[in-house]
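Undergrad: mind folding the following:
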Amino acid sequence: MRPHMRIADEVKDALDAGRPVVALESTIISHGFPYPANVESARECERIAREEGVVPATIGVIGGQLAVGLSEEEIERLGTNRDTPKASRRDLPMLLATGSDGATTVAGTMAVAAMAGIGVFATGGIGGVHRGAERSMDISADLEELARTSLAVVCAGAKSVLDIGLTLEYLETHGVPVLGYRTNVFPAFYTRDSGFGVDARFETPDEIASVLQAKWETGLLGGVLVANPIPEDDALDKAVIDDIIDAALAEARESGVRGKAITPFLLARIHELTGGASEMANKALVWSNVRVASKIATALASRASTAHIAGRHS
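TA: From the prediction side, this is the model:
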């Protein structure tokens, strides 16, 4: 057991037995949706995982501990406190030392999940290279975490508020495979097609699990990004959302919003300008990602079990 880490009994038992576990983030609880939609969405993520026969491990920082598997009360606690800080990798030591709460981002969740021995993580969308990064150097820590941490991250691509082309270039440079789940194109969160391709397309969770197994068994460390487009019926119109994003970006520039504040600002404005349609799309894509991640985790656990049995009889 690592110091400062607490693993829920349900999650620990599953990991010890080699049963599938899927990591879930907590930033989406504290900062993704308004209360009570945030708590309801988090519970739905856990329900979907369990429906797929997988143990959900929602991750956060609770009272200065890395919590792998949150209780109902802890999810409510993060959901009702809008001042809970976002916790990326760099923030974790300070939160632990001060006994604070924190809502883990993609990068923070990946770091903690890997410490706990979890191999698959479901999120909404990853952070990336921001527009104008050639001047601002504003690049999400999510990308660096993908380069260093051996975890499969299932997402609906990256938000089109980012420079998706440069985001994919960054991932390529750092050796992170981008796999399309039943798609040839990289999705753009609210929409199914960003205009950019993926490295390879796969039709089944087991095919993706085979890539993960091959990568990690050969010592090729680092993450794998699995792009799962938002369900077609829930996707927003690309032209409309692009216009809204351009308007929101212009407002951010005029208001002097930058750095960590820009993404929450943009998402809030997109929510307002779409009349709430973006929130419904966000929920739909997250739930879809949890289902796909659960299937991949099941396939990966099955492969690991088969390899273990074969090893015992060789």
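
Undergrad: and the strands in the stretch 51-200 of the chain?
TA: Remark: strands assigned in the stretch 51-200 of the chain by DSSP state E, counting those that start in this stretch are 55-62, 65-68, 86-87, 103-104, 120-122, 152-155, 178-181, 185-188, 191-197, 200-202.

Undergrad: could I get the ones you listed as JSON lines with mean pLDDT and distance to Ala252?
TA: Where you see a C-beta, it was placed from the backbone N, CA and C, and this is true even at glycine. Below are the strands of the stretch 51-200 of the chain laid out as JSON lines (pLDDT from 0 to 100; distance: least, C-beta to C-beta, whole Å):
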{"stretch": "strand 55-62", "mean pLDDT": "98", "distance to Ala252": "28"}
{"stretch": "strand 65-68", "mean pLDDT": "98", "distance to Ala252": "32"}
{"stretch": "strand 86-87", "mean pLDDT": "96", "distance to Ala252": "18"}
{"stretch": "strand 103-104", "mean pLDDT": "98", "distance to Ala252": "22"}
{"stretch": "strand 120-122", "mean pLDDT": "98", "distance to Ala252": "28"}
{"stretch": "strand 152-155", "mean pLDDT": "98", "distance to Ala252": "23"}
{"stretch": "strand 178-181", "mean pLDDT": "98", "distance to Ala252": "27"}
{"stretch": "strand 185-188", "mean pLDDT": "97", "distance to Ala252": "18"}
{"stretch": "strand 191-197", "mean pLDDT": "96", "distance to Ala252": "20"}
{"stretch": "strand 200-202", "mean pLDDT": "98", "distance to Ala252": "35"}
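
Undergrad: pick the most deeply packed of these.
TA: Stretch with highest mean neighbour count among these: strand 120-122 (a mean of 30; mean count of other C-beta atoms under 10 Å).

Undergrad: what's in contact with that strand?
TA: Residues outside strand 120-122 that contact it (C-beta atoms under 8 Å, 6 or more residues apart in numbering) are 20-25, 45, 49, 106, 109-110, 113, 151-155, 286, 289-290, 292-294, 296-297, 300.

Undergrad: partner strands of it and their direction?
TA: Within its sheet, and counting by DSSP bridges, strand 120-122 is paired with strand 21-24 (parallel), strand 152-155 (parallel).

Undergrad: looking at this structure, which helix or strand does the model trust least?
TA: helix 133-136 (a mean of 74; mean pLDDT, DSSP states H and E).

Undergrad: next one: it to chain centre, how far?
TA: Mean-position distance between helix 133-136 and its chain equals 24 Å (C-alpha atoms, centre = their mean, to the nearest Å).

Undergrad: swap in stretch 232-244?
TA: 21 Å.

Undergrad: distance across that stretch, terminal residue to terminal residue?
TA: Terminal residues of stretch 232-244 are spaced 20 Å apart (C-alpha to C-alpha, to the nearest Å).

Undergrad: buried ones in it?
TA: If you call a residue buried by 16 or more other C-beta atoms under 10 Å, then stretch 232-244 has these buried ones: 234-236, 238, 241, 244.

Undergrad: can you redo those residues as TSV with pLDDT and distance to Gln65?
TA: Shown next, in TSV, are the buried residues of stretch 232-244 (pLDDT from 0 to 100; distance: C-beta to C-beta, whole Å):
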residue	pLDDT	distance to Gln65
Asp234	96	36
Ala235	96	38
Leu236	94	38
Lys238	90	42
Ile241	89	39
Ile244	89	40
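
Undergrad: so of these, which ones are in helices?
TA: Applying DSSP state H to the buried residues of stretch 232-244, the entries found in helices are 238, 241, 244.

Undergrad: hang on, Ile296 packs against Ala209?
TA: Yes. If you go by C-beta atoms under 8 Å, Ile296 and Ala209 touch, sitting 5.7 Å apart.

Undergrad: who's more crowded, those two?
TA: Each of Ile296 and Ala209 has its neighbours counted (other C-beta atoms under 10 Å); Ile296 has more, 32 against 24.

Undergrad: SS state for that one?
TA: With DSSP: H, G, I helix; E, B strand; the rest coil as the basis, Ile296 sits in helix.

Undergrad: now do the contacts for it.
TA: Neighbouring residues of Ile296 by C-beta under 8 Å, 6+ apart: 120, 152, 154, 205, 208-209, 212, 226.

Undergrad: please tell me how far Gly195 sits from Leu171.
TA: Going from Gly195 to Leu171 by C-beta to C-beta, to the nearest Å gives 16 Å.

Undergrad: likewise for Pro229?
TA: Distance from Pro229 to Leu171, counting by C-beta to C-beta: 17 Å.

Undergrad: same question for Ala209.
TA: Ala209 is 20 Å from Leu171, where distance means C-beta to C-beta.

Undergrad: quick one: residues contacting the spatially most central residue of the chain.
TA: Nearest to the mean C-alpha position of the chain, by C-alpha atoms, centre = their mean, lies Thr123 at 2.7 Å. Neighbouring residues of Thr123 by C-beta under 8 Å, 6+ apart: 24-25, 28, 106, 109, 153-155, 286, 289.
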